[in-house]
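S.K.: Need coordinates for the below:
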Amino acid sequence: MKRNFLSGVRILPALFLMILGFSTATSQTRGQALISPMPKTFSAQAVNCYREGISLLKSGKYNQAAEQFSRAVQLQPNYAEAYNALGTAYFTLNNQEQAITAFRTAIRLEPNYAQAYYNLANLFDRSGKTDSTIDNLEQAIKYAPRYAQAYNLLGNVYLGSNQFDKAISAFGQAVRIEPNNARLYCQIGFAYNNLNRHHDALESYRQAIIINPRDSETQNNLAVTLYYLKHFDQALAEYNQIIGKNPDYAAARFNRGVLYIAMKNKDAAFKELIGLREIQPNLAKKLTSLIYADKILQVDSHK
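M.R.: Presented below is the predicted three-dimensional model:
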């Protein structure tokens, strides 16, 4: 069992609630917008309320958006897309019970509504209800087999419950759909490291860096993996490069200090400590305790 003093980074997905033609995800979150079930013949007034709600939701006016979606479903009680959008607005307003009711109504009206299943799963995930999250993600994937966001969230749920093999499988499915998504390779690397499969983790992080060579978090994780493999010189080269680009990256500064201890270079570790005190005092205290306790960190050899 290795003693993990280094600071790795698990990259979490952005909140990704799906409605017709709109998502609350950040621009860094990739993925195809799924097409909602085709609407029946809805009244023009209900459709206008729905469209106005979408505009308000995009503008961050969540209460007003919820009002418009509520009017849409009052005018058209079988409007599944409006119920899904209403659930999105309620979710954003932290009205979880109302959001659950809205998403479930959308699913009752359209049983193959993958986006609504995904949104319900996202809500359960934020509430820590792992089994319900997984159940709804599996339904989303059943009706939309190329739903990369669903596989991504499923992988993160498995990471959170320490089911690393299942996480790798889920992220692997997402990678097949989005082969240029660097974050997915990072998550796979994180899972591999937790299984002590450090060589596999290394390959995953290297693939992520090929896709996004400027991401310091990924490079930090790659350096941590090199540390686990006792490739200290290579790890040091990575940290030097990271810190050269971003001198205030506290995790990398701390990790380089730990690495110096492992390399029995306490003078360099002390110099690292001085710089770290100005950036992140808490990490500096942790590094201080390692230096003065005269701990030479041991890493299990890769088997």
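S.K.: Around His199, count how many other residues there are.
M.R.: Neighbour count for His199, taken as other C-beta atoms under 10 Å: 12. Heads up, the C-betas are built off the backbone N, CA and C, glycines and all.
S.K.: Kindly indicate whether Lys230 is helix, strand or coil.
M.R.: Three-state assignment for Lys230 (DSSP: H, G, I helix; E, B strand; the rest coil): coil.
S.K.: May I have the phi/psi pair for it?
M.R.: With angles defined as degrees, to the nearest 10, Lys230 sits at phi 60, psi 30.
S.K.: pLDDT at it, what is it?
M.R.: pLDDT recorded at Lys230 is 96.
S.K.: if I look at it, how far off is Thr133?
M.R.: Note on Lys230: its distance to Thr133, by C-beta to C-beta, to the nearest Å, is 38 Å.
S.K.: of the two, who's got more company?
M.R.: Neighbours per residue, other C-beta under 10 Å: of Lys230 and Thr133, the larger number sits with Thr133, 24 against 15.
S.K.: which secondary element of this structure has the worst mean pLDDT?
M.R.: Within the chain, no helix or strand scores below strand 22-23, which has a mean of 32 by mean pLDDT, DSSP states H and E.
S.K.: what's the pLDDT at Ser43?
M.R.: Looking at Ser43, its pLDDT stands at 88.
S.K.: residues contacting it?
M.R.: With contact taken as C-beta atoms under 8 Å, 6 or more residues apart in numbering, Ser43 is in contact with Leu75, Gln76.
S.K.: same deal with Glu238?
M.R.: Residues in contact with Glu238 (C-beta under 8 Å, 6+ apart) are Gln219, Asn220, Leu222, Ala223, Leu226.
S.K.: So the spatially closest residue to Ala102 that is not a sequence neighbour versus Thr288, what's the distance?
M.R.: Among residues not flanking Ala102 along the chain, Gly87 sits closest, at 3.4 Å (C-beta to C-beta, 6 or more residues apart in numbering). Per C-beta to C-beta, Gly87 is found 49 Å from Thr288.
S.K.: next SSE after the least confident helix or strand of the chain?
M.R.: helix 44-58 (DSSP states H and E).
S.K.: can you give me the strands in this structure?
M.R.: Applying DSSP state E to the chain gives strands spanning 18-19, 22-23.
S.K.: looking at it, Thr64 is touching Leu56, isn't it?
M.R.: Not quite, residue 64 is Gln, not Thr. Yes. Counting by C-beta atoms under 8 Å, Leu56 is a contact partner of Gln64 at 4.7 Å.
S.K.: Which one's more surrounded, those two?
M.R.: Counted by other C-beta under 10 Å, Gln64 and Leu56 do not tie: Leu56 has more neighbours, with 19 against 16.
S.K.: Tell me the predicted confidence for the more buried one.
M.R.: Leu56 carries a pLDDT score of 94 in this model.
S.K.: Dump stretch 83-103 to PDB, restricted to CA.
M.R.: Provided in PDB are the C-alpha atoms of stretch 83-103 (Å, rounded to 0.1, in the frame of the first residue of the first chain):
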ATOM      1  CA  TYR A  83     -41.500  19.500 -18.300                       C
ATOM      2  CA  ASN A  84     -37.800  18.700 -18.800                       C
ATOM      3  CA  ALA A  85     -37.000  22.400 -19.100                       C
ATOM      4  CA  LEU A  86     -39.100  23.100 -16.000                       C
ATOM      5  CA  GLY A  87     -37.100  20.500 -14.100                       C
ATOM      6  CA  THR A  88     -33.900  22.200 -15.300                       C
ATOM      7  CA  ALA A  89     -35.000  25.500 -14.000                       C
ATOM      8  CA  TYR A  90     -36.100  24.100 -10.600                       C
ATOM      9  CA  PHE A  91     -32.800  22.200 -10.300                       C
ATOM     10  CA  THR A  92     -30.900  25.400 -10.900                       C
ATOM     11  CA  LEU A  93     -33.000  27.000  -8.200                       C
ATOM     12  CA  ASN A  94     -32.300  24.100  -5.800                       C
ATOM     13  CA  ASN A  95     -35.900  23.100  -5.700                       C
ATOM     14  CA  GLN A  96     -35.000  19.400  -5.900                       C
ATOM     15  CA  GLU A  97     -38.400  17.900  -5.200                       C
ATOM     16  CA  GLN A  98     -40.100  20.000  -7.800                       C
ATOM     17  CA  ALA A  99     -37.300  19.200 -10.300                       C
ATOM     18  CA  ILE A 100     -37.700  15.400  -9.700                       C
ATOM     19  CA  THR A 101     -41.500  15.700 -10.300                       C
ATOM     20  CA  ALA A 102     -40.900  17.600 -13.500                       C
ATOM     21  CA  PHE A 103     -38.300  15.200 -14.900                       C
END
